[in-house]
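[1] This is the structure alone, sequence omitted:
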């Protein structure tokens, strides 16, 4: 998608969600991103050569939001940013969720399935789907248009997540944690049945996505998956983010990160 730009942007808000996960907000004067796209973020104060590619969680009135989990030195620097500090943001990059393909009253009950930080790229399609529901008919409730499933290993107090959870208004919200700290105890796929839905959008750990893809294919339910890979450049130049597909090896950054489940070749 055209419109990629780079701007030095100010961090305006930091919200600590858990011990290793934060929400960051930045000013953004460039093109509005679509759900599923991502940005290259490089703090002005940094010890790493390359920035980090992070899926956008929300865009509103010139402000971008990201959810970031600590995984290495680069993400640790991002988590350590303070309001007023600046970072170079480049984007929007990558493709986006096919929300436009599922507009109309016949496409109700779409499921959005997230594992861990995979919740981030699913927030914008959730908001787009509920806006669509309202536009279909004044009698159509946005609360009945889609269901949202989010699974975590552990989760801090829900009040810290309220600013994020209030963005979505699903017909059904299911939260699970493996340690039972919030919601249902177990893995999120323990509480999900694809045949109850017209389509599935998913993002999370690869093993979860592998199981979900197989289940959806067997049930003949359209499934779209946001794949995570270590990406360096974000524009297909470094060839470091290969994804095995039925069409051959593709680049996650420019051909994805969103793929149809049936074209992905998961490692055994």
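    Okay, I see it. In this text, all values refer to a predicted model and were calculated from it rather than measured experimentally.

[2] C-alpha from now on. contacts and neighbour counts both.
    OK.

[3] Tell me where the stretch 151-268 of the chain has helices.
    Taking DSSP state H, counting those that start in this stretch as the test, the helices found in the stretch 151-268 of the chain are 162-165, 206-219, 252-255.

[4] Check those for me and report the most buried one.
    Ranked by mean neighbour count, these are led by helix 252-255 with a mean of 22 (mean count of other Cα atoms under 10 Å).

[5] What is that one packed up against?
    If contacts are counted by 3 or more Cα pairs under 8 Å, 6 or more residues apart in numbering; DSSP states H and E, helix 252-255 sits against no helix or strand.

[6] average pLDDT for it?
    The pLDDT scores in helix 252-255 average 92.

[7] same thing with stretch 59-71?
    The model assigns stretch 59-71 a mean pLDDT of 93.

[8] First-to-last residue distance for that stretch?
    End-to-end distance of stretch 59-71: 24 Å, with Cα to Cα, to the nearest Å as the criterion.

[9] Just the residues contacting it, thanks.
    Contact with stretch 59-71 is made by 20-30, 32-33, 54-58, 75-76, 78-79, 117, 120, as judged by Cα atoms under 8 Å, 6 or more residues apart in numbering.

[10] what does stretch 179-195 give?
    Stretch 179-195 has contacts (Cα under 8 Å, 6+ apart) with 111, 115, 149-158, 174-178, 200, 208, 212, 215-216, 219, 221.

[11] Of the residues you listed, select the buried ones using a ChimeraX command.
    Only the buried members of these end up in this ChimeraX selection, burial being decided by 16 or more other Cα atoms under 10 Å:
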select :111,115,149,150,151,152,153,155,174,175,176,177,178,200,208,212,215,216,221
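
[12] follow-up on the earlier one: redo the helices of the stretch 151-268 of the chain as JSON lines? Include distance to residue 242.
    Below are the helices of the stretch 151-268 of the chain laid out as JSON lines (distance: least, Cα to Cα, whole Å):
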{"stretch": "helix 162-165", "distance to residue 242": "31"}
{"stretch": "helix 206-219", "distance to residue 242": "14"}
{"stretch": "helix 252-255", "distance to residue 242": "6"}
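
[13] Just give me the lowest mean pLDDT stretch among those helices.
    Lowest mean pLDDT within the helices of the stretch 151-268 of the chain: helix 162-165, a mean of 82.

[14] which other helices and strands contact that helix?
    Packing contacts for helix 162-165, counted by 3+ Cα pairs under 8 Å, 6+ apart, involve no helix or strand.

[15] where's it relative to the chain centroid, distance-wise?
    Using Cα atoms, centre = their mean, to the nearest Å, the mean C-alpha position of helix 162-165 is found 15 Å from that of the whole chain.

[16] Kindly report the same for stretch 47-66.
    That offset, for stretch 47-66, works out to 12 Å (Cα atoms, centre = their mean).

[17] Return the distance of residue 241 relative to residue 91.
    Distance, residue 241 to residue 91, by Cα to Cα: 17 Å.

[18] More neighbours: which of those two?
    For residue 241 versus residue 91, neighbours defined as other Cα atoms under 10 Å are more numerous around residue 91 (26 against 21).

[19] Looking at strand pairing, list the partners for the more buried one.
    Beta-bridge pairing for residue 91 (DSSP bridges): residue 5.

[20] doesn't residue 6 make contact with it?
    Yes. Shown here, residue 91 and residue 6 form a contact pair, counting by Cα atoms under 8 Å, at 6.6 Å.

[21] Now restrict the contacts of stretch 59-71 to buried residues only.
    21-28, 30, 32-33, 54-58, 75, 78-79, 117, 120.

[22] mind checking which of the helices of the stretch 151-268 of the chain is nearest residue 95?
    Proximity to residue 95, assessed across those by Cα to Cα, is greatest for helix 252-255 (7.0 Å).

[23] Quick one: the strands in the stretch 101-250 of the chain, in order.
    Under the criterion DSSP state E, counting those that start in this stretch, the stretch 101-250 of the chain contains strands at 110-115, 146-152, 172-177, 184-185, 200-203, 223-226, 242-245, 248-251.

[24] Let me know the angle separating the third one from strand 110-115.
    Yep, that's strand 172-177 we're talking about. 10 degrees (axes from the mean of the first three to the mean of the last three Cα atoms, to 10 degrees).
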